[in-house]
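Peer 1: structure, please.
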Amino acid sequence: MKCLFCGGSIINDWTLKELFGFDKIIRDKICQQCRNQLEPLNSRDGCMRCYKKNNESICQDCRSWEEKYQIINCHQALFEYNQFIHSYFKNYKRYGDILLAELFSKDLHNWSQKNKFDIITYIPASNGHLQVRGFDPVWKMYHQIFDLTPMLVKLDADKPQAQKNRYERLQTPQTFYFQSDDLDISRKSKVLILDDIYTTGRTMMHARQALEIVGFNNICTFSLSR
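Peer 2: Predicted coordinates:
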């Protein structure tokens, strides 16, 4: 099998449970050479609330959200945003290499088996971005791993987040509103919101607020990269 990113060969190591059919087999789509360029995140070496690499137990971003909105952040991410991740998203989102949506499918599957939620939703693309790209990159990345429930609608912003500096990101106005299509959803459910990249947390905080307004209060968030 070939790596979806570089085309190098992949050697999959199956566990006994996978070989005997007790566990679902999820083939790795990324080679070891590319994987070596990733920087895994965890709460031991970073912020306990958002996994950002940090010398303090709680990073300044999370402290700011708590002071401003009284939100105790609950976020997990798999990898630090570095040059490899930057190149990955450039090829996937900017150049539309849609096959790259599955590059981290094994990592996402492994995480999903350890973390359970009642409802899993995601940060949707705005209509403007859908028209430009032709696909929703967040939905495409996660839909084969998680049972996704659409709950948010995103309005077109003045300009893409990727084109904003840190100050502009933090000043971005609310662009989300809740829409459930009359689904029978309990407001007591434990909810997970998925996104691809967590930078300042502005997008996730707006998404959380859109759900909190209609009664959800047990909300966690997840992103591939932080």
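
Peer 1: from here on, just use CA atoms for contacts and neighbour counts.
Peer 2: Will do.

Peer 1: tell me the domain ranges of the protein?
Peer 2: Following automatic domain parsing, one gets these domains for the chain: 1-36, 41-225.

Peer 1: tell me what the longest helix along the chain is packed against?
Peer 2: If you go by DSSP state H, the chain has its longest helix at helix 202-213. Helix 202-213 is packed against strand 176-178, strand 191-197, with contacts defined by 3 or more CA pairs under 8 Å, 6 or more residues apart in numbering; DSSP states H and E.

Peer 1: closest to L99 out of those strands?
Peer 2: strand 191-197 (15.4 Å; CA to CA).

Peer 1: export the domains of the chain to CSV and tack on mean pLDDT?
Peer 2: Below are these laid out as CSV (pLDDT from 0 to 100):
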stretch, mean pLDDT
domain 1-36, 83
domain 41-225, 91
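
Peer 1: now render these as TSV, adding mean neighbour count.
Peer 2: Below are the domains of the chain laid out as TSV (neighbours: other CA atoms under 10 Å):
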stretch	mean neighbour count
domain 1-36	14
domain 41-225	16
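
Peer 1: before we move on, back to that, who touches the very next helix or strand once past the longest helix of the chain?
Peer 2: As assigned by DSSP states H and E, the chain's next helix or strand after helix 202-213 is strand 219-225. Contact partners of strand 219-225, identified using CA atoms under 8 Å, 6 or more residues apart in numbering, comprise 73-81, 85, 190-198, 204, 208.

Peer 1: before we move on, the earlier item: nearest to Q60, of the helices and strands packed on helix 202-213?
Peer 2: Q60 lies closest to strand 191-197 among these, at 17.9 Å (CA to CA).

Peer 1: isn't T149 up against I123?
Peer 2: No. If you go by CA atoms under 8 Å, T149 and I123 don't touch, sitting 10.9 Å apart.

Peer 1: just the terminal-to-terminal distance for stretch 138-154.
Peer 2: In stretch 138-154, first residue to last residue: 13 Å (CA to CA, to the nearest Å).

Peer 1: and if you look at stretch 83-100?
Peer 2: 16 Å.

Peer 1: strands along the protein, start to end?
Peer 2: 75-79, 119-122, 152-154, 176-178, 191-197, 219-225 (DSSP state E).

Peer 1: tilt between the first one and strand 191-197?
Peer 2: Using axes from the mean of the first three to the mean of the last three CA atoms, to 10 degrees, the interaxial angle of strand 75-79 with respect to strand 191-197 works out to 40 degrees.

Peer 1: which helices and strands does strand 75-79 pack with?
Peer 2: By 3+ CA pairs under 8 Å, 6+ apart, strand 75-79 packs against strand 219-225.

Peer 1: for P137, what are its contacts?
Peer 2: P137 neighbours (CA under 8 Å, 6+ apart): 92-93, 101, 125.

Peer 1: need the residues you listed in TSV with distance to I11, can you?
Peer 2: Below are the contacts of P137 laid out as TSV (distance: CA to CA, whole Å):
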residue	distance to I11
Y92	23
K93	27
A101	20
A125	34
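
Peer 1: which of these sits closest to P40?
Peer 2: Of the contacts of P137, the one sitting nearest to P40 (CA to CA) turns out to be A101, at 18.6 Å.

Peer 1: quick check: the closest one vs N127, distance?
Peer 2: Distance of A101 to N127, computed by CA to CA: 20 Å.

Peer 1: now swap in C31 and tell me
Peer 2: In this view, C31 and N127 are 34 Å apart by CA to CA.

Peer 1: cool, P40 as well?
Peer 2: For P40, the distance to N127 - CA to CA - is 33 Å.
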